[in-house]
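Enquirer: Here is a sequence with its predicted model. Questions after.
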Amino acid sequence: MIPSLKSKLLGRSGSANKKTSGNKKQASEVKNVEDIDEVDEQGQSILLGIISQLRPGCDLSRITLPTFILERKSMLERITNQLQQPDIVIDAEKSRDNPLKRFLLVVKWYMSCWHIAPKAVKKPLNPILGEYFTCYWDLPNNEKAYYISEQTSHHPPKSSYFYAIPSSNIRVDGIVAPRSRFLGNSTAAMMDGTTKLTFLDIKDPDTGNPEVYTLTQPNMYARGILFGSLKFELGDHMIIKCENTHYMADIEFKTKGFIYGTYNTINGVISNTSTGENLFELTGKWNEQMFIKDLRTGEKKLFWDCESANPLKPKVRSLDEQGAYESRRLWKKVTDALGRRDHKVATDEKFKIEEEQRTEATKREEDGVEFYPKLFRPLSIEESVENGNDKLEFIIYKDRIVNRDFEERKYEQLENHICEMAPILPGQKFRKTFEIPAYQKLKGTTDTSN
């Protein structure tokens, strides 16, 4: 029997009720709170509130969502899920003499981490304007990877990020710009952002420009919001392109039909856009196993096995070293309450943060002051037409300095310049210039110490 809306509101949706019917001790013993998706009685009033706000097609970014569906991390941190198989992209960069092999490794790298997510339907916290998050990876080959992100817009929400593996000449720039919609019994996050991957030491023989890949994202759906079982799906097309080599992957994430179909399947084609020839077919499930078939020979083999993957999680400085607007410190009271499944406290603490943001926005409006990011700057018109930049909107503010260091292969200097922008490694202190907007840090100076 499909649980009714009333039973969902009362936390009585089948087996979920057995876990939540007043047995607080049992709930507190659940080890992975990210995988709890049932509605308990503390969430009743919140659910009733959201139902009163919902209209088909409405923008969910302006609606207060119930805290029981919130993941215990900000979107700025959630983005790092896609960066947890650095070994694959490093192998791609090393395949300098084989463009097709390199492209297939880039596809594998990008497909390898979509399975990293809570099993339950969870939405990351919406970052507030000016929120930032940094982290790093100690790689098995003794290299380091660095990540810097900032919320560069709130309405509409836009999360800008920068990632680099300096000594491997790998750079990633991106923006996540979800458009959330309520669709009746489902919600959709239409992912308008883009990722730009650059191999800075692999140059186009004709132009001398480094090799660039552009990668879009599948859209995200949460089914069963009002009735039925809550279920997360990825859907629609994801495109990976490399203009330098003319290879393209068009991968469809298939959603389950109302009657027929299977969850989590993909079907994709890798082609050569200069000849129009289809080279490979991708099939399988994005959260289990994926297979690749060579359309020229008919050979089919395992492409990626999520179940045997070993993702490398990022490292983050301790809370006492973090700034007030740094994601983990900013949301700590909320995420601690979510861990205890105390939805009242989580809601109250989340409201305090959002109310402070509204107050600051009102004050800026009254004072005629615009918001400017600290770590990212808007792309100029000339920069926006460069390969891979058309949808980025923002770039890390030391973009030119970083590229110069890459070009000159001054990797130690490059790491220093990355870490000067924001504290990333344990023990780093905030520089006096940190709070200055990015565009002002660069205005009228080429001083690399800014």
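Expert: Yes, it's here.

Enquirer: what about Lys333, which helix or strand?
Expert: Mapping Lys333 onto the secondary structure by DSSP states H and E places it in helix 332-340.

Enquirer: name the element Thr198 belongs to?
Expert: With DSSP H and E as criterion, Thr198 is part of strand 194-203.

Enquirer: What strands line up against that strand, and which way round?
Expert: As defined by DSSP bridges, the strand partners of strand 194-203 come to strand 170-176 (antiparallel), strand 210-215 (antiparallel).

Enquirer: Using JSON lines, lay out these together with mean neighbour count.
Expert: C-betas here are computed from N, CA, C, even on glycine. JSON lines is the format used below for the strands paired with strand 194-203 (neighbours: other Cβ atoms under 10 Å):
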{"stretch": "strand 170-176", "mean neighbour count": "23"}
{"stretch": "strand 210-215", "mean neighbour count": "23"}
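
Enquirer: Make CSV from those strands and add mean pLDDT and distance to Glu288 to it.
Expert: Putting the strands paired with strand 194-203 into CSV (pLDDT from 0 to 100; distance: least, Cβ to Cβ, whole Å) gives the following:
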stretch, mean pLDDT, distance to Glu288
strand 170-176, 98, 25
strand 210-215, 98, 21
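
Enquirer: for stretch 232-247, which positions count as buried?
Expert: 232-234, 236, 238, 240-245, 247 (16 or more other Cβ atoms under 10 Å).

Enquirer: likewise stretch 348-364?
Expert: Using 16+ other Cβ under 10 Å as the test for burial, stretch 348-364 gives 349-350.

Enquirer: residue boundaries of the strands in the stretch 101-250 of the chain?
Expert: 123-125, 132-138, 144-153, 158-165, 170-176, 178-182, 186-191, 194-203, 210-215, 219-223, 231-242, 247-254 (DSSP state E, counting those that start in this stretch).

Enquirer: So for Phe371, which of those sits nearest?
Expert: Between Phe371 and the strands of the stretch 101-250 of the chain, the tightest spacing by Cβ to Cβ is seen for strand 144-153, at 8.6 Å.

Enquirer: Can you check what angle separates that closest one from strand 132-138?
Expert: Calculated by axes from the mean of the first three to the mean of the last three Cα atoms, to 10 degrees, strand 144-153 forms an angle of 170 degrees with strand 132-138.

Enquirer: Spatially, which residue comes closest to the spatially most central residue of the chain, not counting chain neighbours?
Expert: Centroid check for the chain by Cα atoms, centre = their mean gives Ile79 as the closest residue, at 2.4 Å. Among residues not flanking Ile79 along the chain, Tyr161 sits closest, at 5.6 Å (Cβ to Cβ, 6 or more residues apart in numbering).

Enquirer: quick one: the one you found from Ile128, how far?
Expert: When distance is defined by Cβ to Cβ, to the nearest Å, Tyr161 is 16 Å away from Ile128.

Enquirer: can you check Leu330 too?
Expert: For Leu330, the distance to Ile128 - Cβ to Cβ - is 7 Å.

Enquirer: Now list whatever residues contact both of these two.
Expert: Common contact partners of Leu330 and Ile128 (Cβ atoms under 8 Å, 6 or more residues apart in numbering): Ile353.

Enquirer: if I pick Leu70, what's in contact with it?
Expert: Contacts of Leu70 were listed using Cβ under 8 Å, 6+ apart, and they are 122-125, 334, 338, 346, 350.

Enquirer: try Glu393
Expert: 152, 158, 160, 175, 378-379, 384.

Enquirer: I would like a PyMOL command selecting only the buried ones among those, please.
Expert: For the buried members of the contacts of Glu393, the matching PyMOL selection, counting by 16+ other Cβ under 10 Å, is:
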select buried, resi 152+158+160+175+378+379
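
Enquirer: Can you add distance to Gly427 and give the contacts of Glu393 back as a markdown table?
Expert: Listed next are those as a markdown table, based on distance: Cβ to Cβ, whole Å:
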| residue | distance to Gly427 |
| --- | --- |
| Thr152 | 28 |
| Lys158 | 31 |
| Ser160 | 26 |
| Ile175 | 30 |
| Pro378 | 32 |
| Leu379 | 33 |
| Ser384 | 37 |
